[in-house]
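Trainee: I would like the atomic coordinates for the input below:
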Amino acid sequence: MTKKPKSPVKAYRNLDFLASPDARPIRILAEFLEPASRFRRLRVRDTIVFFGSSRAESMRVVKADARALEQRMHKAIRVTPKLKAERERLDMRLKLARYYEDAVELARRLTVWAREQNEHHRFIVASGGGPGIMEAANLGAARGGGKSIGLNISIPTEQDPNPYISDGYSFEFHYFFMRKLWFVFLARAMVIFPGGFGTMDELMEALTLVQTRKVTKPMTIVLYGSEYWDEVLNLDALVRWGTIAPEDLRLLHRVDDTEEAFNYLKDQLGASL
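Mentor: Numbers count the residues shown, from 1 in each chain. Below is the predicted model:
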């Protein structure tokens, strides 16, 4: 008796193939089509994106560590260089914690304001989905009684989605460039808090896209925190060297507190309602 041949696996069900280098274009396309489908279903029209350091901590956490360190220093026979270095690191953590708390409050206020516009799917807070400033943005939106988005990325350090992203609004990306596409594609405003390489990469890409008019929609870019950014980012030097035009500096707006940031963003975004 002839044995009936086993039916082959359909290509779109072949997980070995889908995970192979040959199927990379399919995986890239999936990271565009699946979020697009979900955003349509959720009726998300546009976003306010918060960028910033994943290493920023809440003031509550840092102050608890500060109290513990003060107790250790009080009990110590002498203040060692190691304790001094720990105190210096803690001082910087406290500075960064201020930006965490500011991100919470700004996201909260923007969420409350957006909900009052009777367009519940406009200007939704979005973040990179991880800890630090990203967590602060999602936490603030939750405190404001609104939804918020997390566009997470799989990286070797295993960045887990923070717990404040709204149910159904959390996304997981493999490709950085597809994740950045979704940051820009929906954004009507970006708020750039102090951050490292990733934050500066996101800032520079946004500025480049607006400068070269690859982004043609109105998109407000706010640089939050002069104390930090004036130290690490000297854009005036680019003008002096002639590598950017003086008017390019107007592509972003600098702010130093939540009141100023909220009023500026409200005015800019409100004009498009």
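
Trainee: what about the strands in the chain?
Mentor: Applying DSSP state E to the chain gives strands spanning 47-51, 124-127, 148-153, 170-173, 187-192, 220-224, 253-255.

Trainee: ok, the first one: who's next to it in the sheet?
Mentor: Based on DSSP bridges, the pairing partners of strand 47-51 within the sheet are strand 124-127 (parallel), strand 187-192 (parallel).

Trainee: Relative to the whole chain's centre, how far out is the longest one?
Mentor: Think strand 187-192. Distance of strand 187-192 from the chain centroid (CA atoms, centre = their mean, to the nearest Å) equals 9 Å.

Trainee: ok, now stretch 78-97?
Mentor: 27 Å.

Trainee: Give the buried residues for stretch 161-175.
Mentor: Residues of stretch 161-175 classed as buried under the neighbour-count rule (16 or more other CB atoms under 10 Å) are 161-162, 164-166, 169-171, 173. Bear in mind the C-beta positions are built from the backbone N, C-alpha and C, glycine included.

Trainee: and of those residues, the nearest to residue 251?
Mentor: Top of the list for closeness to residue 251, among the buried residues of stretch 161-175 and by CB to CB, is residue 173 at 26.1 Å.

Trainee: Give the full set of residues in contact with the closest one.
Mentor: Each residue near residue 173 by CB atoms under 8 Å, 6 or more residues apart in numbering is listed here: 31, 151-154, 179, 182.

Trainee: And the pLDDT for the closest residue to residue 54 other than its chain neighbours?
Mentor: Spatial nearest neighbour of residue 54, excluding adjacent residues (CB to CB, 6 or more residues apart in numbering): residue 132 at 4.0 Å. If you check residue 132, the pLDDT there is 97.

Trainee: Could you pull up the contacting residues of residue 132?
Mentor: With CB under 8 Å, 6+ apart, residue 132 has these contacts: 52-57, 100.

Trainee: Now that we have those, which of them are buried?
Mentor: Judged by 16+ other CB under 10 Å, buried ones among the contacts of residue 132: 52-54, 56-57, 100.

Trainee: In helices, which of these fall?
Mentor: residue 100 (DSSP state H).

Trainee: between the buried residues of stretch 161-175, which is closest to residue 113?
Mentor: Nearest to residue 113 among the buried residues of stretch 161-175: residue 166, at 17.6 Å, using CB to CB.

Trainee: any idea of the pLDDT on residue 120?
Mentor: 65.

Trainee: Please write out the alpha-carbon positions of stretch 151-167 in PDB.
Mentor: The C-alpha trace of stretch 151-167 is given here as PDB (Å, rounded to 0.1, in the frame of the first residue of the first chain):
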ATOM      1  CA  LEU A 151       7.000  51.100  21.800                       C
ATOM      2  CA  ASN A 152       9.400  48.700  23.400                       C
ATOM      3  CA  ILE A 153      12.600  47.200  21.800                       C
ATOM      4  CA  SER A 154      14.200  43.800  22.300                       C
ATOM      5  CA  ILE A 155      17.800  44.400  23.300                       C
ATOM      6  CA  PRO A 156      20.500  42.300  25.000                       C
ATOM      7  CA  THR A 157      19.800  43.900  28.400                       C
ATOM      8  CA  GLU A 158      16.200  42.600  28.100                       C
ATOM      9  CA  GLN A 159      14.300  45.800  28.500                       C
ATOM     10  CA  ASP A 160      10.900  44.900  29.800                       C
ATOM     11  CA  PRO A 161       7.800  47.000  29.200                       C
ATOM     12  CA  ASN A 162       7.000  49.200  32.200                       C
ATOM     13  CA  PRO A 163       3.800  48.400  34.100                       C
ATOM     14  CA  TYR A 164       2.100  51.800  33.300                       C
ATOM     15  CA  ILE A 165       1.500  51.200  29.500                       C
ATOM     16  CA  SER A 166      -2.200  50.900  28.800                       C
ATOM     17  CA  ASP A 167      -3.500  47.400  28.100                       C
END
